[in-house]
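>>> A structural model of the following input is requested.
(4 chains)
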Number of protein chains: 2
Amino acid sequence: MRNRSCVMRLLRYKNALLKLKALNFVRVFSDNLADAAGVTSAQVRKDFSIFGITGNRRGGYQVGDLIENLSHILGKDKDYEFIVVGVGNIGKALMRYDGFEKSGIKISAGFDIDPTKYDPGAAVAVYDLSKLNEYVVKNKIRFGIIAVPEFAAQQAFEVMINSGIKGVLNFTPARLKGPEDCIINNINLETELESIIYFVNVADKTGGK
Amino acid sequence: MRNRSCVMRLLRYKNALLKLKALNFVRVFSDNLADAAGVTSAQVRKDFSIFGITGNRRGGYQVGDLIENLSHILGKDKDYEFIVVGVGNIGKALMRYDGFEKSGIKISAGFDIDPTKYDPGAAVAVYDLSKLNEYVVKNKIRFGIIAVPEFAAQQAFEVMINSGIKGVLNFTPARLKGPEDCIINNINLETELESIIYFVNVADKTGGK
DNA sequence: TAGATTGTTAATCGATTAACAATC
DNA sequence: TAGATTGTTAATCGATTAACAATC
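Alright, predicted model coming up:
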């Protein structure tokens, strides 16, 4: 199915392919991609088959064609702008992070309710939250990142949705409620760390030592 | 099964319960927890059953007991220290983030190879990467976060593992290779954003407008 | 007791994997 | 051609859900 895990795998294949291309590889087999992405070769071929990607029996896949196919499927043939709401530690880090560019992703502005955060002249400008609607409408922004404190998350989300944003990455533990057609991805840092603690503790008890 | 998704759900139940407790709730039903965590009530009861958590038929669960049970299972009856390797945008944000404390998680130091980053006097001290082993051994640190550039990830990981670290949260796209008994959680920010773009584009085509 | 909720089993659902015919 | 790899179907695996007897 074209579910989240499958799409995440396609993104991994694409990243692996870009590295192969940089090494001047021309052809690649499902086995190679499987190794690179940490899955089975059947999984790779199945994923491709779901999206109608074909190769050559016996000859594998052309690296260049495959990258083009995946980029098209993943909607990465043009650049995309994100805004950040909440210019605290995490928000600021994302605004300054330069690793998104190579994926065609640009963080174009930040918004906060705290006036001491305003900085319209910065490399990535920071505006008052009240300016969000105007900015998003004017620049046709469709994507955003929520990096506010949990209690402010739902409200921030609603401002974003009402302005026309269709997809958000939510760094708060809040379970956002909104229209069906809006895409929400959640990252919960506390939970990630806590789950590591759990599995290490389990390994301690069951494993040796 | 006691897999990652299941543990992540337990963590969500616990967070919901802590909020209920703050509101002076004494009892809770599987239905309530299901709503709070966005799952079915059968899932909640099944999860509890896997970990041997029982309630009262007809009477639901005692909020206090449940929190205690979950905290014990999740290994959160004591505090845990993490170190951060790579004091760039993300690393710094994590070191300054104050939301971990309430979960009993402390970021106790940062490490970097760039001498301009050293700051042994900071609230969270930053040391040379060469000091990592000594620090980790001395303070019996078992958990770490990798926030270096991708090319340095495997090396950073090996330094950590060799010092006795057992669980890491990896912010790079690198697929880390190490001992079986080491726990690795990956967060890939680019991929999270790219998957949002994909699903919004799909909704555009299939949905209205 | 009557009614409601748990705890658990069995059914369902979906995703992954194995296997192999097609074919380059 | 002979050999190797794809593309796809069927089998397997595991997780989620439905259902209901147990029971508070």
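>>> so how many other residues sit close to A:D98?
Neighbour count of A:D98, defined by other CB atoms under 10 Å in any protein chain shown: 9. Every C-beta, even on glycine, is put in place using the N, C-alpha and C of the backbone.
>>> Roughly how far does it sit from A:I105?
Distance, A:D98 to A:I105, by CB to CB, to the nearest Å: 11 Å.
>>> Spell out which residues of chain A are next to DNA strand C.
Residues of chain A lying close to DNA strand C by CB under 7 Å from any atom of the strand are A:1, A:3, A:5-6, A:39-40, A:42-43, A:45-46, A:56-59.
>>> ok, of the residues you listed, which one's closest to B:D119?
Nearest to B:D119, judged by CB to CB, of the residues of chain A next to DNA strand C is A:S5 at 40.4 Å.
>>> near chain B at all, the helix or strand that closest one falls within?
According to DSSP states H and E, A:S5 maps onto helix A:4-22. Yes. Contact of helix A:4-22 with chain B (CB under 8 Å from any CB of the partner chain) involves A:4, A:7-8, A:11-12, A:15.
>>> which two of the residues you listed lie the greatest distance from each other?
The most widely separated members of the residues of helix A:4-22 next to chain B are A:R4 and A:N15, with 16.7 Å between them, by CB to CB.
>>> Just the pLDDT at A:G207, thanks.
What the model reports for A:G207 is a pLDDT of 65.
>>> now do A:G91
98.
>>> got the contact list for it?
For A:G91, the contacting residues are A:84-85, A:110, A:112, A:145, A:147-148, by CB atoms under 8 Å, 6 or more residues apart in numbering or on different chains.
>>> one step back: can you redo the residues of helix A:4-22 next to chain B as TSV with pLDDT and distance to B:F25?
Listed next are the residues of helix A:4-22 next to chain B as TSV, based on pLDDT from 0 to 100; distance: CB to CB, whole Å:
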residue	pLDDT	distance to B:F25
A:R4	95	33
A:V7	97	38
A:M8	97	37
A:L11	97	41
A:R12	97	42
A:N15	96	45
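>>> List buried residues within those.
The neighbour count (16 or more other CB atoms under 10 Å in any protein chain shown) marks A:7-8, A:11-12, A:15 as buried among the residues of helix A:4-22 next to chain B.
>>> Quick check: the gap between the closest residue to A:R96 other than its chain neighbours and B:I146.
Leaving out its chain neighbours, the residue that sits closest to A:R96 by CB to CB, 6 or more residues apart in numbering or on different chains is B:N89, at 4.7 Å. B:N89 is 14 Å from B:I146, where distance means CB to CB.
>>> Between these two, which has more neighbouring residues?
Neighbours per residue, other CB under 10 Å: of B:N89 and B:I146, the larger number sits with B:I146, 26 against 19.
>>> Identify the bridge partners of the closest residue to the more buried one other than its chain neighbours.
Nearest non-adjacent residue to B:I146, counting by CB to CB, 6+ apart: B:N170, 4.6 Å away. With DSSP bridges as the criterion, B:N170 is bridged to B:I146, B:N186.
>>> B:I183 is in contact with B:N170, correct?
No. Using CB atoms under 8 Å, B:N170 is not in contact with B:I183, being 10.6 Å away.
>>> Count the neighbours of the residue in chain A positioned nearest to DNA strand C for me.
Among the residues of chain A, A:R58 lies nearest to DNA strand C; the distance is 3.0 Å by CB to the nearest atom of the strand. Using other CB under 10 Å, A:R58 has 6 neighbouring residues.
>>> before we move on, what SS does it have?
Assigned by DSSP: H, G, I helix; E, B strand; the rest coil, the conformation of A:R58 is coil.
>>> Show me where chain A has its helices.
Assigned by DSSP state H, chain A shows helices spanning A:4-22, A:30-37, A:41-50, A:63-73, A:89-96, A:132-138, A:153-163, A:189-206.
>>> Packed most tightly, which of those would that be?
Each of the helices of chain A was scored by mean neighbour count; the highest is helix A:89-96, a mean of 22, by mean count of other CB atoms under 10 Å in any protein chain shown.
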